[in-house]
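[1] for reference, the sequence and a predicted model appear below.
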Number of protein chains: 2
Amino acid sequence: MKIKINKSDLDKHISIAQKAISNKSSIQILEGIVFTAYDNKLKLSSTDLELSIETQVDCEVLEEGSIVIKSSIIGNIVKKMPNDIITMTANDEMVNIQSQNSVFDIACQSAMDYPPLPDVEDEPILTIENEDLNLAVRETIFATSNDETRLALTGILFEFNNDNISFVGLDGYRLAIKKYNYHSNEETSVIVPKRAFNELIKILDEKTTEIILIKGHIAFINGSTKMYSRLIDKKYIDYSKIINGEYKTSVRVNRNDLINSLDRALLLTTGASASLTKLTFEDGEISINSNSEFGRLDEKLYGKQEGDNIQIAFNTRYLLDGLKVIEDDEVLLHLNTPLSPMSIYPIHDTDNYLYLVLPVRLSQ
Amino acid sequence: MKIKINKSDLDKHISIAQKAISNKSSIQILEGIVFTAYDNKLKLSSTDLELSIETQVDCEVLEEGSIVIKSSIIGNIVKKMPNDIITMTANDEMVNIQSQNSVFDIACQSAMDYPPLPDVEDEPILTIENEDLNLAVRETIFATSNDETRLALTGILFEFNNDNISFVGLDGYRLAIKKYNYHSNEETSVIVPKRAFNELIKILDEKTTEIILIKGHIAFINGSTKMYSRLIDKKYIDYSKIINGEYKTSVRVNRNDLINSLDRALLLTTGASASLTKLTFEDGEISINSNSEFGRLDEKLYGKQEGDNIQIAFNTRYLLDGLKVIEDDEVLLHLNTPLSPMSIYPIHDTDNYLYLVLPVRLSQ
């Protein structure tokens, strides 16, 4: 294999391929990226056997071929190379990387030993705007579980209906749902590992992504990059039962003011200990109280309240997680009783985003 | 104690006082800062028994008094307070911190239990420009030792002569010396713990610092802030014997090009393993070679050489440390034999800065 390639192009595509390299893999060859030169293109592929990436970039191919280079080494070297044109010359054991007066000779391996990536020829079920995809992931991924014994909840539920799609994150204490109007060709739902969405949103360009479903896998096609992920093959909780839409108290409040108060409440905790914040809604006045061994905080905020007065307590971090991903200036809070969940909606988009969080029972 | 104070003033001076708080102290009260309100000023003091800081800021004192508050708590709270005017009201057990609708009540302690800080009334031995002080510390501190069994070398040797002062860092493998023309009132030298200089340069304002020597201590006075440090009471190595000024080879080379080559040589090492770089000076051509289990690097640079050709090898990181703190575009290298140290000078300031580094013996 021999190619000449622009340094910044190569750097960018190595970064993309690195997203599917796991640093806990025990299979040595999976620490590498496959570089395949053909037809004036360089294809970079990588997999950790759960997540796979294939990305292509134009280059001058002087000799076709395919090799595997350790991802961390080649990534660092390309970043530090002096000039904009890099020449890579490889046999199955050694790759020579040259730019100006700088020459690296690095060990590499034959691509024959690298596991093959899935091959997807199916039609996309959907094409989604990257901006929408990015927001949906940000607004739901934080509410997924990290508990591997509840495997289904560690992923994002991705639902396709005739008229809309939804993303759901749920960990047993809170629930986040994001909906969009997109027509898909079939009605189905899959559970996508959060890692796939997490890496995907880092490599999205400015346009759109095609989504393809294959048995046991989902594929995302974004420009010259394809990402494949295994799906989580478990049954998801029927979350619709949790949402009933009823409420006795409705409060409209400035989102930033509420975030700032809760951020201050967090100051009273150290390390991983839970912070509890009590909210008292009384005729539009919201009292925020938190205390710990270090001291106590009392704050007052004002909102537009309809319905009953209520006192309720929450894990401060859970409230903050949801409030921080919302982009509106104001949020709408719907409450029922001190023991039933509170719903939080962005004020301008109450139909398409919901964050629902369970309260903590107050002693006494 | 009761004061009203500007939030950003308070925040800034807490940050200064925090520099003398050690996070490994086993004495609980030393986690705190002493706040003393008197005469329309707030004085903040802190010590870890090695390093002490005293800093003052104007405020409105409604009631004089003195209390100790845990440094991390008060620092975080003040940063997050909503408004520019903070009211602090304290008795010996509890301090109430209020701004707008936000009220914290935090545990505090009486200042009676806090160890007293040194009292310095002596005349300064010297007044130094902060810019000079900052550069001297940056250019020498990295060459000090971290080996507590060689205590003298863990500090910076600070020498005062009639016409100049010098800062020296030395760890047995390399030596950095910075000189300035400053007249001091007496000829003496002290060893200052590197932590003192490290924290001092973080709190320097734009002007000058007065330096006072007291038995066993050094004090720095910078605006409204005083810092006291214990000195290291050990004998320093007579470093003048290491420098003889003779050389057989002199090479002038672009500093950035040399740094970039050595940065690339470092890519071939992982983690804490030593990186070795071989330099071959041959009639103005400098070959840079490095190799490891991962591969090899060959580079060429060009410089202005006078004297003999020579091949010599160094710990790559040691070379880089010295080259990175120099500010000139070019450096002058003076060499003797493959087993004697190389001297590195900034091209425009060969009299005032020297970095000297021992080579590594090449096998074969």
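    Good, I have the coordinates.

[2] contacts and neighbour counts: CA atoms only from here.
    Fine.

[3] give me the mean pLDDT for stretch A:205-223.
    Mean pLDDT, stretch A:205-223: 94.

[4] please put the alpha-carbon coordinates of the helix or strand hosting A:V137 into CSV.
    Take DSSP states H and E as the rule and A:V137 turns out to sit in helix A:130-141. C-alpha atoms of helix A:130-141 as CSV (Å, rounded to 0.1, in the frame of the first residue of the first chain):
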residue,chain,number,x,y,z
ASN,A,130,-28.5,15.7,12.5
GLU,A,131,-29.6,18.7,14.6
ASP,A,132,-32.7,16.8,15.7
LEU,A,133,-30.7,13.6,16.3
ASN,A,134,-28.2,15.4,18.4
LEU,A,135,-30.8,17.2,20.6
ALA,A,136,-32.8,14.0,21.1
VAL,A,137,-29.7,12.1,22.3
ARG,A,138,-28.6,14.9,24.6
GLU,A,139,-32.1,15.2,26.1
THR,A,140,-32.6,11.5,26.9
ILE,A,141,-29.2,9.8,27.3
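
[5] what helices and strands are in contact with the helix or strand just after that helix?
    Next along the chain after helix A:130-141, taking DSSP H and E as the criterion, comes strand A:155-160. Judged by 3 or more C-alpha pairs under 8 Å, 6 or more residues apart in numbering or on different chains; DSSP states H and E, the packing partners of strand A:155-160 are strand A:165-170, strand A:188-193.

[6] closest to chain B out of the ones you listed?
    With C-alpha to the nearest C-alpha as the measure, strand A:165-170 is the member of these nearest chain B (30.2 Å).

[7] torsion angles phi and psi at A:I53?
    Torsion angles at A:I53 (phi, psi; degrees, to the nearest 10) stand at phi -130, psi 140.

[8] what does the one 10 residues further on give?
    Listed backbone geometry of A:E63 is phi -160, psi 130, with angles given as degrees, to the nearest 10.

[9] what are the bridge partners for it, then?
    Per DSSP bridges, the residues bridged to A:E63 are A:K2.

[10] can you tell me how far it sits from chain B?
    Going from A:E63 to chain B by C-alpha to the nearest C-alpha, to the nearest Å gives 22 Å.

[11] now for A:N254: which residues touch it?
    The neighbourhood of A:N254, defined by C-alpha atoms under 8 Å, 6 or more residues apart in numbering or on different chains, consists of A:G303, A:D329, A:E330, A:V331.

[12] ditto for A:I165
    So A:I165 contacts A:F158, A:E159, A:K179, A:Y180, A:N181, A:Y182, A:H183, A:S184 (C-alpha under 8 Å, 6+ apart).

[13] make it 6 Å
    A:E159, A:K179, A:Y180 (C-alpha atoms under 6 Å, 6 or more residues apart in numbering or on different chains).

[14] hmm, the last one is touching A:F167, no?
    Put plainly, it is A:Y180. No. The criterion here is C-alpha atoms under 6 Å, and A:Y180 misses it with A:F167 at 8.9 Å.

[15] between the two, tell me which one has more neighbours.
    The neighbour comparison of A:Y180 against A:F167 (other C-alpha atoms under 10 Å in any protein chain shown) goes to A:F167, with 24 against 17.
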